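Colleague: Structure for this input, please:
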Amino acid sequence: MSPKPGKSRVRVVPAAGAVLYRKDGDSPLCAVVHRPRYDDWSLPKGKVDAGEALPVTAVREIEEETGFAAELRSRIGTTAYPLKENTRKEVTYWSALATGGDFEPNSEVDEIRWVPVDEAKRLVSYPLDRKILSRFDDAPRARSVLLLVRHAKAGRRSEWSGDDDLRPLEKNGRVQAEMLAPMLRAFGVTRLHSAPRVRCEQTLAPLADELGVPVSTEPALSDEAYLDDPVAAVSRLTRIAAGEGVAAVSSQGSAIPGMVRDLAGPAGLDVGDASTKKAGVWVLGFDGGTVVHADYYPSPLPLF
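Modeller: From the prediction side, this is the model:
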């Protein structure tokens, strides 16, 4: 929609950050950073580089500012504030588990403190950071995470004369698959599973090559298998989620919304009809067999 006459279009500067935490028994310790340029205490964050998806930005900025590698968990929310006339900065935050690293003072951050959530709320300089920390504190903690990925673009079925199970990705689909790899890595994916369709397997192939791991075939997670036995499909997905490390599962456009609804409904999560675009991703957090968060990402494409 065009701006109304007499009104200037507001330029949005996208950014990403996180409540970076590490485990301290049953309670998390959160990282709060001091920026000498502003003499403030804040959560790690930064602007999106050209060609980046927001989750990739969040992980990169965490490492640049704190020295710690991290795996994203649930999406917490987005804050916005004006930078100058007709310009607004929008920062999307995740919870992010620190997986290793060491802090060294740098040009952006000269001190980091690992503190309980309540102390972090008192330490940060800005109300918007306190709001994000409160949401982090209120959110349930997932014990395991699974990413459910719809296959990338594979052309029209009507234009493919062979066995539909063998229909491959088209050119744009191969680009989507390449761009999915860093986005899936941002969530710490180490295990790959796919419905028995070439297009599903090819969607995870770039990440499989990077990780040097195979893509396991999952007959129970195709469209036809889900429609035939949805209970078996959801049971298999839950067992995959319970394995060691974060898993990504590539499936199809009927099975994915069905499985997401089947898991989210009993947990009281509103996911709507759970429609999933090609190369779209659901990040599902589990506590045992119960889904505690379900975040949807419609595309791996960068913002600009």
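Colleague: residue boundaries of the strands in this protein?
Modeller: 11-24, 27-35, 40-42, 45-47, 68-84, 87-101, 111-115, 144-150, 189-194, 215-217, 246-251, 281-287, 290-297 (DSSP state E).
Colleague: closest to A53 out of the ones you listed?
Modeller: strand 290-297 (8.0 Å; CB to CB). C-beta: built from backbone N, CA, C; applies to glycine.
Colleague: The closest one pairs with which strands?
Modeller: The pairing partners recorded for strand 290-297 under DSSP bridges are strand 281-287 (antiparallel).
Colleague: circling back to that earlier point, which stretch among the strands of the chain comes nearest R261?
Modeller: Shortest distance between R261 and those, using CB to CB, is found for strand 290-297: 9.7 Å.
Colleague: Mean neighbour count, distance to R236 and mean pLDDT for the strands of the chain - can I get that in JSON lines?
Modeller: Conversion of the strands of the chain to JSON lines gives the following (neighbours: other CB atoms under 10 Å; distance: least, CB to CB, whole Å; pLDDT from 0 to 100):
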{"stretch": "strand 11-24", "mean neighbour count": "19", "distance to R236": "29", "mean pLDDT": "94"}
{"stretch": "strand 27-35", "mean neighbour count": "20", "distance to R236": "31", "mean pLDDT": "96"}
{"stretch": "strand 40-42", "mean neighbour count": "17", "distance to R236": "42", "mean pLDDT": "98"}
{"stretch": "strand 45-47", "mean neighbour count": "17", "distance to R236": "37", "mean pLDDT": "96"}
{"stretch": "strand 68-84", "mean neighbour count": "18", "distance to R236": "23", "mean pLDDT": "95"}
{"stretch": "strand 87-101", "mean neighbour count": "19", "distance to R236": "26", "mean pLDDT": "96"}
{"stretch": "strand 111-115", "mean neighbour count": "16", "distance to R236": "38", "mean pLDDT": "98"}
{"stretch": "strand 144-150", "mean neighbour count": "25", "distance to R236": "11", "mean pLDDT": "98"}
{"stretch": "strand 189-194", "mean neighbour count": "22", "distance to R236": "9", "mean pLDDT": "98"}
{"stretch": "strand 215-217", "mean neighbour count": "16", "distance to R236": "11", "mean pLDDT": "98"}
{"stretch": "strand 246-251", "mean neighbour count": "26", "distance to R236": "9", "mean pLDDT": "98"}
{"stretch": "strand 281-287", "mean neighbour count": "22", "distance to R236": "14", "mean pLDDT": "97"}
{"stretch": "strand 290-297", "mean neighbour count": "20", "distance to R236": "15", "mean pLDDT": "97"}
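Colleague: Rebuild those strands as JSON lines, extending it with distance to L133.
Modeller: JSON lines is the format used below for the strands of the chain (distance: least, CB to CB, whole Å):
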{"stretch": "strand 11-24", "distance to L133": "6"}
{"stretch": "strand 27-35", "distance to L133": "7"}
{"stretch": "strand 40-42", "distance to L133": "11"}
{"stretch": "strand 45-47", "distance to L133": "13"}
{"stretch": "strand 68-84", "distance to L133": "9"}
{"stretch": "strand 87-101", "distance to L133": "10"}
{"stretch": "strand 111-115", "distance to L133": "10"}
{"stretch": "strand 144-150", "distance to L133": "21"}
{"stretch": "strand 189-194", "distance to L133": "27"}
{"stretch": "strand 215-217", "distance to L133": "38"}
{"stretch": "strand 246-251", "distance to L133": "24"}
{"stretch": "strand 281-287", "distance to L133": "19"}
{"stretch": "strand 290-297", "distance to L133": "17"}
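Colleague: for those, which one sits closest to A233?
Modeller: strand 246-251 (8.8 Å).
Colleague: Report the residue ranges of every domain in the protein.
Modeller: Following automatic domain parsing, one gets these domains for the chain: 11-138, 144-297.
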